[in-house]
Every structure is written in C-alpha cells, then in structure tokens.
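Visitor: Here you go, sequence then predicted model.
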Amino acid sequence: AVANEMLNELFEEFNIKEQYRTFGFKALDILIEAEKQAHSENHFESDHFHFSPIGLVRSPYINAAPNRPDKDAKGDFYIELFSKYEEGLRNLENFSHLHLIVYLDRSVGYSLLVNPPNHNVEVGLFASRSPFRPNPIGLNIVEIKKIDKNKVFISPIDFLDKTPVIDIKPVIKSLDKVED
C-alpha cells in the first residue's frame, strides 16, 4: 500500500499519462511478488512446501536399514553438510546429542493403519514410527561423537546412506525432556 501511494505521488508530480500509470502499477506488483519469493525462498505455496537439503546422511546401509537404530552397528555414521552450511556448526560441539531431521526419499506409499515391528496389534499410522507416511520425514535423536569440518560423526542410525538431511538441531535437555 505504501509503495503504491509513493508511486501514485510520483505520477502526479510528473504528470504521467494514465496508460503509463497502469504499466507502472503492474510492474510494481511484479516486483513486490518477486521480493516476497526471494525472502521466503518460496518454501510455501497453498498446498505444498519446498525444502532444500542441507546435507546427506552417511551410513553403511545402502539398500536396507534396520527398523530401529542398532547401537552396536559397525561402520561410519555421520552427517555430511554441504560446505556452504559448515559455519552453522559452530559451537555444536557443546552439545551431546542432536535432533536429525531427514527426508525419507526412498519411502513409497503409505497406509493409515500399520503393524509396527514387535507388536501384534494394528495401530494408526500416526501412532507409529513407520517411514511410510504422507510426508516421509524421519526424525532421530543421535549422539554427537565428533565434528570434523562439515562432518558430524554420530551414533548409529536407521537411515539409508545418502538420505537427504533437512535440518539438525541440538537437544537441549531442559526443553526436550518428556516425563511419562
């Protein structure tokens, strides 16, 4: 509204013809929309979201992963951030654990009723940790073993190698503690 008022004042001051005013207001609308998209990075539209990975999970699991993390699993487990995000790891070593949020890119389809492993009862999808979901997002809390440049070495996980990482966040015990 302010930009439209300012543009209108300029048109009045310089006695701009109506046809040029129409063009000017349309150009302003286009610029405002472009600015909105540039600042939102176009993450949200009316019916879907857009995310870009910040890195990849690296694990020994190429074609299949266990149903749950195996604390005795062999191999290297780490998060490899893309180099442009490396600076964002500053001070992460001050935390013992982190939330690892991934896009389960090889998950196909879902059912609203599932049978979790080691359970003899069917439950609703949202009462399970099934990777087959309408929005295949994976979440794990992992221990930080060490950080080397853009690599965060972590405790074993149950994600396939090269799973896209959406985000990582430190576990803050005073905020993330849940009592049963």
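Guide: Nice, thanks for sending it over. As the structure is a prediction and not an experimental result, all values here were calculated from the model.
Visitor: could you pull out the helices for this protein?
Guide: Along the chain, counting by DSSP state H, helices occupy 2-13, 18-40, 173-176.
Visitor: now the angle from the first one to helix 18-40?
Guide: Helix 2-13 and helix 18-40 are oriented at 160 degrees to each other (axes from the mean of the first three to the mean of the last three CA atoms, to 10 degrees).
Visitor: ranges for the strands of the protein?
Guide: With DSSP state E, the ranges of strands along the chain come out as 55-58, 78-81, 97-103, 113-114, 123-124, 137-148, 151-154, 164-170.
Visitor: Out of these, the one nearest residue 89 is which?
Guide: Closest of the strands of the chain to residue 89 is strand 137-148, at 6.0 Å (criterion: CB to CB). For every residue, glycine as well, the C-beta is placed using N, CA and C.
Visitor: Check which residues of that closest one are buried.
Guide: Within strand 137-148, the residues scored as buried using 16 or more other CB atoms under 10 Å are 138, 140, 142, 144, 147.
Visitor: just the residues you listed now: which is nearest residue 172?
Guide: Nearest to residue 172 among these, with distances taken as CB to CB, is residue 144, at 13.2 Å.
Visitor: Could you list the low-pLDDT ranges of this protein?
Guide: Applying pLDDT under 70 to the chain flags the ranges 1, 35-46, 180.
Visitor: Tell me which residues are up against stretch 59-69.
Guide: Residues outside stretch 59-69 that contact it (CB atoms under 8 Å, 6 or more residues apart in numbering): 73-77, 117, 140, 142, 155-161, 163.
Visitor: my bad, stretch 110-122
Guide: Contacts of stretch 110-122 (CB under 8 Å, 6+ apart): 67-68, 123-125, 128-130, 132-134, 136.
Visitor: So for that stretch, what gets flagged as buried?
Guide: Buried, per 16+ other CB under 10 Å, within stretch 110-122: residue 114.
Visitor: What of stretch 54-73?
Guide: 54-59, 61, 65, 69, 73.
Visitor: mind listing what residue 132 touches?
Guide: 107-111, 114, 125.
Visitor: what do you get for residue 88?
Guide: residue 81.
Visitor: Just send the contacts of stretch 110-122 back as CSV, with distance to residue 86 too.
Guide: Shown next, in CSV, are the contacts of stretch 110-122 (distance: CB to CB, whole Å):
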residue, distance to residue 86
67, 32
68, 30
123, 41
124, 40
125, 36
128, 35
129, 30
130, 33
132, 33
133, 30
134, 33
136, 27
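Visitor: Going through those residues, which ones are buried?
Guide: The neighbour-count criterion (16+ other CB under 10 Å) marks 128, 130, 133, 136 among these as buried.
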